[in-house]
Structures are given as structure tokens and as C-alpha cells.
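Enquirer: Have a look at this prediction, sequence included:
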There are 2 protein chains.
Amino acid sequence: MKERNRSSVEVVNGIVLDVFKLNGYFIKAADCLTKGSELTSARWQVLGIVLHEQHTVAAIARSIGLTRQSVQRIADVLVIDGLAEYLPNPAHKRAKLLSCTEKGLNSIKTIRPKVVTWAERINDLIGQDELNEAEKAINNLLSKLMIAEEQLITRC
Amino acid sequence: MKERNRSSVEVVNGIVLDVFKLNGYFIKAADCLTKGSELTSARWQVLGIVLHEQHTVAAIARSIGLTRQSVQRIADVLVIDGLAEYLPNPAHKRAKLLSCTEKGLNSIKTIRPKVVTWAERINDLIGQDELNEAEKAINNLLSKLMIAEEQLITRC
DNA sequence: AAACAATTGACAGCATGCTGTCATGTTACT
DNA sequence: AGTAACATGACAGCATGCTGTCAATTGTTT
């Protein structure tokens, strides 16, 4: 009988659509949380990575799964606005190190309380156990996909 | 002791970052699967909704969590390319119904085999049980967030 | 050392999604 | 009925992320 379980296409499709929606929801939330500050969701994400450690643009891109060029553009804007700065990289002449400035740190600090409140609301809403489970499931899915990336995407 | 569990901010932040990465991964996969056809990930998503049922642009936007305007632009392109068409809506003079044409259906059919293969690869990679668990966890998260949307986003 | 490949930054062009705004059509309320 | 609130389509402008391309730098191989 065909009802024994849903086909893999259906399950994968369901996951993809839900991830799209979650992504939109989180971006909207981030734009909301950063409103009033000099940050947007994209700038916040990049700046958050160089808060404590300096990295090159390419390294940042790899760590968050975006392209070099996208991160480069955001990083340039951050530097123009004074929220970050390029420091010389002893290991590479061209690949400067992006670093968070005092001004950038202050921007992060400004929105921190709102972020904490938001996260706690979600925690109360979902419940700590289910929230942890969700994190585990999503991270497990992502990890396995990343490991097999070349099999699934590179040869398309 | 502070190690009893991770703070809600950390857990939520982990989920958000993973969802961002998953989103990027799925979009990349969709662009890959649609390559060679007249579709892109965005057009595929919109067209997929009106495959069997006709809907207004605004209704489509609501169902996938995008804005009216975004869907409107994609829908207009689909109509220009002949993959979809606007049909008169008996219930509303201005809000026409977007409908998939034969040409659009053929485009969907063209990429279907690649999609099935891709989904089955993911199924083999993750394992059916874990895949189902992941879908359940993600859908549960999304559902609860959507229900409480106005509390978390509208008043930001 | 020289040649080649890989990495990185820079720039251009494009696709996608957002907000804001307006006119038009629909619905609800009195 | 008439009016106000809402929904919808249309358009403009902007932010974000992508691909493609090129030159400069670094690393590897011979």
C-alpha cells in the first residue's frame, strides 16, 4: 500500500518549504531587532563574527555559507560607517583582517537586551526541551548535508 | 553552576544561524535543479503552488510567507514567459487568478526526475527516521512561531 | 628559481525580496 | 444607502545575495 510512509520527495519538500518560511521569519525578526540601530540583519551577522576574533572577508564568507562577494560588500559598508575596520594581515598582503570597532561594539550592545528578551519569549513559547530538540535536529541535518555537499550540489 | 544548560539566547542563535545556512543550501540546490529549464528557485516555488489550484497573488504570498509585491513580480515574469496566465476571478474584479499553463506544467515535469533523485539522495544520507524527525521538529517550531507571530514581531 | 594552481579582493551586472505609496475594488458597519 | 476600513494590484526605490570576470597575492610542484 502506498500509505506506509510518505515518499522522500514529500518529506524533503516539506522541510525545504518550512526552512524558507523560517528563514523569512528570522530575517524579519532580525530587521525588527536591529531597527533604530545602525545595523541590519546582514550587517549584524557579519559584525557578530568579528566581535572577538578578526577574520578575512573570505573566511567570514565560508563560516556563514555566503559568497565572498556578498560579505565583501557588507564589510565595506561596515567600514564606511565606522562600525568595523580593516587591519593589516601579517599573513597576507591583500587579505586584510576585518575587526569590530568601539562604535560597532556599542551598536551590538545597544540591541543586546532586545535580543535576549526575544530569545526568552521564544524559549517560553516553544519550551526548552523542544527548543533543544529542534536545534539538535536542524544542526544534525545541516551537518550531514554540508559533509556530503560535493555529492549533492557540485555535480548538478 | 552555569553549565546546567545553555541559555535560550545561545540556543535560539544557533537555530537562526543553522536555518540561514540551510536556506542558502536549499536555494543553491534549487537553482541547480532548475538549471537548464526556464525556472529559477523563486519561479519554481510560485509555479508549484498554482499547479493544481489557482490562487490570487496575495493568497500565494500569504501561503509562502513572502510579501505581495515579491510574488507579484515573479508572477508577472511567469506570465510574460508563458509559464502561467492570469484568469478572471469571479469573486474579485482586480485580483486575477494565477494559473499554470501547459508550458509551465512541462517545465515542472522536466525537472521532476532530478528532484526525485536529489530527494532520495538526501533520504539515504540522513536516514528516513531522522529525516522525519527533522521535518517534525522544524514544522513544530515554525507552527508555534507563526501562531504567536503578532506577539514577537508586530510589536518590535 | 620558474611555472602553475589556488586564494583573495575588486568591480560589474543581475535576480530576488523588502518598504513605501497610490489608486482601485471589496467588505463591514451604521 | 453611504461611509469607513480593508484588500489588492501596480509602480518606484532600495538592500541583499548571486554569478562572472580580472588582477594581485600566495602556495605548490617540478
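Expert: Sure thing, it's come through. Because the structure is a prediction, the values reported are computed rather than measured.

Enquirer: hey, let's count contacts and neighbours off CA atoms from now on
Expert: Fine.

Enquirer: Please tell me how far A:Leu17 sits from A:Leu39.
Expert: 28 Å (Cα to Cα, to the nearest Å).

Enquirer: Are the strand or helix carrying A:Ser143 and DNA strand D in contact anywhere?
Expert: According to DSSP states H and E, A:Ser143 maps onto helix A:128-147. No: Helix A:128-147 stays clear of DNA strand D (Cα under 7 Å from any atom of the strand), getting no nearer than 14.3 Å.

Enquirer: What are the buried residues along that helix?
Expert: A:128, A:131-132, A:134-142, A:145-146 (16 or more other Cα atoms under 10 Å in any protein chain shown).

Enquirer: and A:Leu17 and A:Leu39? which has more neighbours close in?
Expert: Neighbours per residue (other Cα atoms under 10 Å in any protein chain shown) separate A:Leu17 from A:Leu39, with A:Leu39 holding more: 21 against 17.

Enquirer: Chain neighbours aside, what residue packs nearest to that one?
Expert: The shortest distance from A:Leu39 to any non-neighbouring residue, by Cα to Cα, 6 or more residues apart in numbering or on different chains, is to A:Ser107 (7.3 Å).

Enquirer: and what of A:Lys114?
Expert: Among residues not flanking A:Lys114 along the chain, A:Leu33 sits closest, at 6.4 Å (Cα to Cα, 6+ apart).

Enquirer: from the chain's centre, how far out does the longest helix seen in chain A sit?
Expert: The longest helix of chain A (DSSP state H) is helix A:8-34. Here helix A:8-34 is found 13 Å from its chain centre; the criterion is Cα atoms, centre = their mean, to the nearest Å.

Enquirer: Please apply the same query to stretch A:131-140.
Expert: Here stretch A:131-140 is found 16 Å from its chain centre; the criterion is Cα atoms, centre = their mean.

Enquirer: where does chain A have its least confident helix or strand?
Expert: Here the helix or strand of chain A ranked lowest by mean pLDDT, DSSP states H and E is helix A:149, holding a mean of 67.

Enquirer: tell me what whichever strand or helix holds A:Asn123 is packed against?
Expert: In this assignment (DSSP H and E), A:Asn123 forms part of helix A:102-126. The contact analysis (3 or more Cα pairs under 8 Å, 6 or more residues apart in numbering or on different chains; DSSP states H and E) places helix A:102-126 against helix A:8-34, helix A:41-49, helix B:8-34, helix B:128-147.

Enquirer: and it with helix A:8-34, angle?
Expert: Angle, helix A:102-126 to helix A:8-34, by axes from the mean of the first three to the mean of the last three Cα atoms, to 10 degrees: 130 degrees.

Enquirer: separation between the closest residue in space to A:Leu66 that isn't next to it in sequence and A:Val19?
Expert: Distance criterion Cα to Cα, 6+ apart; nearest residue to A:Leu66, sequence neighbours excluded, is B:Gly24 at 7.5 Å. Between B:Gly24 and A:Val19 the computed distance is 10 Å (Cα to Cα).

Enquirer: Also A:Arg6?
Expert: 19 Å.

Enquirer: on that earlier part again, identify, from the buried residues of helix A:128-147, the entry nearest to DNA strand D.
Expert: A:Met146 (14.3 Å; Cα to the nearest atom of the strand).
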